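**Q** I'd like to go over a predicted model; first the sequence, then the structure.
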Amino acid sequence: MSDNGPVQVRCPVLNVRRVDAYYAITVVAPGIAERFRSGQFVSVAVGGDHSSTLLRRPFAIHDVKPDYGGTVEFLFSVRGTGTAWLSERRSRDLLDVVGPLGRPFPLPREPVNCVLVGGGSGSAPLFPLAQSLRRRGCRVDFVLGGASADRVFSAITARRIAETAAFTTDDGSFGTRGRVTDVLGRVIEECRSDAVYACGPMPMLRAVTAVAGSHGVPVQVAVEETMACGTGICMTCVIPVVGEDGITRMVRSCVDGPVFRGEQVRFDDVGTIPFDALGAPGWKGSSAARAAESARDIA
Amino acid sequence: MNADLRTRVGGMDLPNPVVTAAGCAGSGRELSQFFDIASIGAVTTKSVMLEPHAGRPAPRMAETPSGMLSTTGMQGPGVDVFLQRDLPWLLARGGRAIVSIAGAGVGEFGELARRISAADGVSAIEVNLSCPDPAAPSGRHFADDASHAAAVVQTVRSHARSDLPVLAKLAADVPDVVELASACVEARADGLSMINTVRGMAVDTRTLRPAVAGGMGGLSGPAIRPLAVGCVYRVHEALPGVPIIGMGGVRTGADVLEFMAAGASAVAVGTTNFSDPSACSRVLREFTEALEARGFARASDVVGAAHRQGAGA
């Protein structure tokens, strides 16, 4: 119904492969591939048409290629029956996929230095981002972390496409023992980074935003919230985010995100309704706040 | 043969019986990326309140067998923004709007009915009776007491424009759904929508804590469909002249047929919109095909068919 909006397609699986602790599925989906911008995700129906598992699973898009008219690859780890079912798909099986969904990473106008920080499977959307940034003449450096060596995703590719790549693991089995934020400050200084992009669990994004802030570097974060619909109608994936107008709103991670400016996410208040959020219990908005809300367009 | 799909619900004429359920389609904007929003019977918009509401904290959702448990706490921008931004968008695209309203008290329902009535182009008002009832013990809804529900419907009817149909949205987890339906009809509801989500709980077995914030959530999806069909059947049996919009776990065109045979004049797609954003257009197509394959000339001929054939006598 729209040229750049998401499409719903029943698409054949090209291949399913193991990548360390993860699975990666590539589907032939030209309509999604041609609309894709890095940071966007797909939602995939699991369990078949008559499944009792109703909800789609959201996955960041890891790679898009022109083969077969356009392919899309996404990454996941097996966490429950839905992802277990997905891991058992084979070449030529059909998957019901909706995408691309969500707001993409904004790209800098100038060829600046960017450091890309990923935790676990949250690294996946950073690879197409790295390609986009490099096409614009940006310098790209990677900081990737995970619980253990097999959860640091695509270290070899990161080394190949980035100027430098630093790795951390909780158990010390690969790279530096510790968290991505233990090395991020040093990387920002050594690489003279102008911007930080991050994707991973909420506590990591919070810590990355703090480190970037202390170095005076803007940061874009892609959140990984659970969601029922991915299209903006179920209102279950909301997080508190401060708008340009200074007003905190409970916004949808799926359509208002998943990419946000790090300093605008109220990380300390995720999982709560902050008392000063628009429409919080006892909230009394000014007429100016209400006018701003009326003028605001939905995505 | 092209079947005549038109249906009539409490004075509201719809081109076909497939509508969206409140809270499962926003105001139609997001789903319009996947199908023409004017092609379905109507969009029931997400329950609107007088003031902006931030809703409940996360987690708001848990997947359950053939369903989901959710608790969004009526998050929404309030009636001003709805009337300035969301409703005009839907009407400009040729969509028909059934506007669901949710009041924090009986008085607010009246004010909402007055505000919605002043807007042009609305097809009907749906009264969400599954809102916390400030005149009852904590955790109870207006729908839990037939007389409280009737008071709300009466207030909405008296504040709404006289030519605007008022539909009462009923809950199934009440002592007697027929009593609730009768009380709402006596309070001059023009039609009934049923059922709302069913209160339930899921416990996260890793943390041994309730899976959604606040503990209780609303269960929706195919898990509640037989419960919903049973309510529609019983209410249609008791009040055969009262039009019903049936809903609860509708996933296919056959499910529409099922609700209509039980007594519904129109059928809403709810949670399935979350898992299948083009569901409404698919369900309408499947329903039309099923109707024609059975040789029905009119969709309205199916309404109440399960009663005429005798149910499991």
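**A** Sure, I can see it. This structure is a prediction, so every number in the text was calculated from the model and none was measured.
**Q** run a quick neighbour tally on residue 34.
**A** Let's take chain A. Residues near residue A:34, counting by other C-beta atoms under 10 Å in any protein chain shown, number 15. Bear in mind the C-beta positions are built from the backbone N, C-alpha and C, glycine included.
**Q** can you look at chain B instead?
**A** Neighbours around residue B:34, by other C-beta under 10 Å: 23.
**Q** can you check residue B:134 too?
**A** Using other C-beta under 10 Å, residue B:134 has 13 other residues around it.
**Q** give the closest residue to residue 202 in space, chain neighbours not counted.
**A** Since no chain was named, I'll use chain A. residue A:270 (5.8 Å; C-beta to C-beta, 6 or more residues apart in numbering or on different chains).
**Q** um, chain B though
**A** In this structure, residue B:202 finds its nearest non-sequential neighbour in residue B:211, 4.1 Å apart by C-beta to C-beta, 6+ apart.
**Q** neighbours of the one you found, how many?
**A** Counted with other C-beta under 10 Å, the neighbours of residue B:211 add up to 19.
**Q** which residues touch it?
**A** Taking C-beta atoms under 8 Å, 6 or more residues apart in numbering or on different chains, we find residue B:211 in contact with B:59, B:62, B:69, B:201, B:202, B:203, B:204, B:217.
**Q** distance of the fourth one relative to chain A?
**A** Distance, residue B:201 to chain A, by C-beta to the nearest C-beta, to the nearest Å: 16 Å.
**Q** for the second one, same thing?
**A** Taken as C-beta to the nearest C-beta, the spacing of residue B:62 relative to chain A amounts to 9 Å.
**Q** also the last one?
**A** If you measure residue B:217 against chain A using C-beta to the nearest C-beta, the figure is 10 Å.
**Q** list the contacts for that residue?
**A** Contacts for residue B:217 were tallied using C-beta under 8 Å, 6+ apart; they are B:60, B:61, B:62, B:69, B:70, B:71, B:197, B:199, B:200, B:201, B:202, B:211.
**Q** any chance of those residues in CSV, plus secondary structure?
**A** Supplementary listing: these in CSV, determined by DSSP: H, G, I helix; E, B strand; the rest coil:
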residue, secondary structure
B:60, coil
B:61, strand
B:62, strand
B:69, strand
B:70, strand
B:71, coil
B:197, coil
B:199, strand
B:200, strand
B:201, coil
B:202, coil
B:211, coil
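**Q** just name the closest of these to residue A:276, please.
**A** residue B:60 (20.1 Å; C-beta to C-beta).
**Q** low pLDDT regions in the stretch 151-299 of chain A?
**A** A:284-299 (pLDDT under 70).
**Q** could I get the full set of strands for it?
**A** Along the stretch 151-299 of chain A, counting by DSSP state E, counting those that start in this stretch, strands occupy A:164-169, A:176-177, A:195-199, A:219-222, A:238-242, A:248-252, A:259-261.
**Q** the stretch 201-313 of chain B now?
**A** All strands of the stretch 201-313 of chain B, identified by DSSP E, counting those that start in this stretch, fall at B:203-204, B:209-210, B:217-220, B:244-247, B:266-269.
**Q** any chance of CSV for these, columns distance to residue A:165?
**A** CSV is the format used below for the strands of the stretch 201-313 of chain B (distance: least, C-beta to C-beta, whole Å):
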stretch, distance to residue A:165
strand B:203-204, 37
strand B:209-210, 39
strand B:217-220, 43
strand B:244-247, 53
strand B:266-269, 48
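**Q** returning to what we had before: identify whichever of the strands of the stretch 151-299 of chain A lies nearest to chain B.
**A** strand A:248-252 (4.9 Å; C-beta to the nearest C-beta).
**Q** wondering if that closest one reaches chain B at all.
**A** Yes - for strand A:248-252, a contact with chain B is found by C-beta under 8 Å from any C-beta of the partner chain, at A:249, A:250.
**Q** that strand pairs with which strands?
**A** Applying DSSP bridges, strand A:248-252 is found paired with strand A:238-242 (antiparallel).
**Q** how many neighbouring residues does residue A:137 have?
**A** 10.
**Q** do a quick rundown of the helices in chain B.
**A** Listed in chain order, the helices of chain B (DSSP state H) span B:79-81, B:87-92, B:106-117, B:146-159, B:177-186, B:225-238, B:253-262, B:272-275, B:279-293, B:305-308.
**Q** cool, the stretch 51-200 of chain A as well?
**A** Using DSSP state H, counting those that start in this stretch, the helices found in the stretch 51-200 of chain A span residues A:81-87, A:126-135, A:155-161, A:180-190.
**Q** buried set for the first one?
**A** Buried residues in helix A:81-87, counted by 16 or more other C-beta atoms under 10 Å in any protein chain shown: A:82, A:83, A:85, A:86.
**Q** wait, isn't the second one in contact with residue A:75?
**A** No - the criterion here is C-beta atoms under 8 Å, and residue A:83 misses it with residue A:75 at 10.9 Å.
**Q** just put the strands of the stretch 201-313 of chain B in CSV and tack on mean pLDDT.
**A** Formatted as CSV, the strands of the stretch 201-313 of chain B follow (pLDDT from 0 to 100):
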stretch, mean pLDDT
strand B:203-204, 96
strand B:209-210, 96
strand B:217-220, 96
strand B:244-247, 98
strand B:266-269, 98
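**Q** closest one to chain B among the helices of the stretch 51-200 of chain A?
**A** Chain B lies closest, by C-beta to the nearest C-beta, to one member of the helices of the stretch 51-200 of chain A: helix A:81-87, at 8.3 Å.
**Q** can you count the residues close to residue B:288?
**A** Counted by other C-beta under 10 Å, the residues lying close to residue B:288 total 18.
**Q** does it touch residue B:15 like I think?
**A** No - between residue B:288 and residue B:15 there is no contact under C-beta under 8 Å: 11.7 Å.
**Q** now residue B:184: how far from chain A?
**A** Relative to chain A, residue B:184 is positioned 27 Å away (C-beta to the nearest C-beta).
**Q** excluding chain neighbours, what is closest to residue 86?
**A** All of this refers to chain A. residue A:46 (5.8 Å).
**Q** oops, chain B please
**A** Nearest residue to residue B:86, sequence neighbours excluded (C-beta to C-beta, 6+ apart): residue B:27, at 3.8 Å.
**Q** and stretch B:71-89, end to end?
**A** With C-alpha to C-alpha, to the nearest Å as the measure, stretch B:71-89 spans 26 Å from end to end.
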